[in-house]
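Asks: Sequence and computational prediction follow.
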Amino acid sequence: MIHDLSKTHSIFNNFMAEIRDVEIQKDSMRFRRNLERTAEILGYELSKKLNYSKKSVTTPLGIAQVDTLDTELVLATILRAGLPMHQGLLNIFDKADSAFVSAYRKHKSGEEFEIRVEYLAAPSIDKKDLIISDPMLATGSSMVTVYKELLKNGNPRKTHIIAGIAAPEAIEYVQKHLPPTTEIWVGAIDDELTAHSYIVPGCGDAGDIAFGDKL
Ligand SMILES: O=P(O)(O)OC[C@H]1O[C@H](OP(=O)(O)OP(=O)(O)O)[C@H](O)[C@@H]1O
Ligand SMILES: O=c1cc[nH]c(=O)[nH]1
Ligand SMILES: [Mg+2]
């Protein structure tokens, strides 16, 4: 199931507009903070689909019955660009465990590349709800590769994908390779990919904007 927050009028779209804006992007701290707050909102929307049960809370004046979260979560993200979204998710799911996976495009010839994973630091994800965040879903190959890598640590009960901007190709690819129960929470779905697999209009290279050019 796909949840596209651009379809709803909310302040969320102002944050997405700033993420895309080539002038505002020059302020990398603002870019990172905007990714963080989009993840907070996407995570909040996702939280409505998790499991809750009533608990008694002692207040200074009595006992309150509150429906609180039961679902055990693992928040996974893809280095580098996923880090600000990861922080956003941790801001709201503060009891969750974290998983970090690196993924980068290793170019073979011209436009062709494969995804290389060289770092995985993850807890058991067995029977937990797995949330994988990444600001960009372009071809979807980083996401699918990382998901498969995480399966070395168990089988999640359910998987959620949180992304800022997605290309239609990536949505199709993720849906083909992840279980049918997977839910995709996305800030916007754009038109197309360039020959170098960049999203158009997208926002450019999210990792470089957030953290600077790499050699
Ligand atoms: O859907 P895909 O075609 O796999 O592309 C999307 C990936 O590209 C970006 O990372 P990048 O490889 O630029 O690494 P970075 O975070 O270090 O910049 C982005 O954060 C995704 O991980
Ligand atoms: O458009 C894109 C595609 C991959 N990675 C990015 O950061 N942006
Ligand atoms: Mg990048």
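Replies: Yep, that arrived. Ligands and ions are numbered 1, 2, ... in the order given.

Asks: Am I right that His196 is in a helix?
Replies: No. Using DSSP: H, G, I helix; E, B strand; the rest coil, the assignment for His196 is coil, not a helix.

Asks: Ligand 3 contacts on the protein?
Replies: Selection of the chain residues close to ligand 3 by Cβ under 5 Å from the ion yields Asp205, Gly207. Where you see a C-beta, it was placed from the backbone N, CA and C, and this is true even at glycine.

Asks: what about the strands in the chain?
Replies: Secondary structure of the chain (DSSP state E): strands at 2-4, 52-59, 62-69, 73-79, 97-102, 104-107, 113-116, 120-121, 129-137, 158-166, 183-189, 192-193, 199-200.

Asks: Least reliable of those by average pLDDT, please.
Replies: Sorting the strands of the chain by mean pLDDT places strand 104-107 lowest, at a mean of 84.

Asks: Okay, angle between the longest helix seen in the chain and strand 73-79 too, please.
Replies: Assignment by DSSP state H gives helix 28-47 as the longest helix of the chain. Helix 28-47 runs at 150 degrees relative to strand 73-79, counting by axes from the mean of the first three to the mean of the last three Cα atoms, to 10 degrees.

Asks: what helices or strands is helix 28-47 leaning on?
Replies: For helix 28-47, the packing partners by 3 or more Cβ pairs under 8 Å, 6 or more residues apart in numbering; DSSP states H and E come out as helix 12-20, helix 83-92, strand 129-137, strand 158-166, strand 183-189, helix 206-211.

Asks: Reformat the ones you listed as JSON lines; add mean neighbour count.
Replies: Formatted as JSON lines, the helices and strands packed on helix 28-47 follow (neighbours: other Cβ atoms under 10 Å):
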{"stretch": "helix 12-20", "mean neighbour count": "18"}
{"stretch": "helix 83-92", "mean neighbour count": "22"}
{"stretch": "strand 129-137", "mean neighbour count": "27"}
{"stretch": "strand 158-166", "mean neighbour count": "25"}
{"stretch": "strand 183-189", "mean neighbour count": "21"}
{"stretch": "helix 206-211", "mean neighbour count": "20"}
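
Asks: What's the local residue count around Thr58?
Replies: When neighbours are defined as other Cβ atoms under 10 Å, Thr58 has 8 of them.

Asks: With Glu169 as the reference, measure out to it.
Replies: Distance of Thr58 to Glu169, given as Cβ to Cβ, to the nearest Å: 52 Å.

Asks: now swap in Val57 and tell me
Replies: From Val57 across to Glu169, the span is 47 Å (Cβ to Cβ).

Asks: More neighbours: those two, which one.
Replies: Taking neighbours as other Cβ under 10 Å, Val57 and Glu169 compare with Glu169 leading, 17 against 11.

Asks: Please look at that one and Gly140 and confirm they touch.
Replies: Yes. Under the criterion of Cβ atoms under 8 Å, Glu169 makes contact with Gly140 at 6.8 Å.

Asks: excluding its backbone neighbours, what's nearest the residue of the chain found nearest ligand 3?
Replies: Here the residue of the chain nearest ligand 3 is Gly207; by Cβ to the ion that distance is 3.0 Å. Residue nearest to Gly207 in three dimensions, not counting chain neighbours: Ala81, with 3.9 Å by Cβ to Cβ, 6 or more residues apart in numbering.
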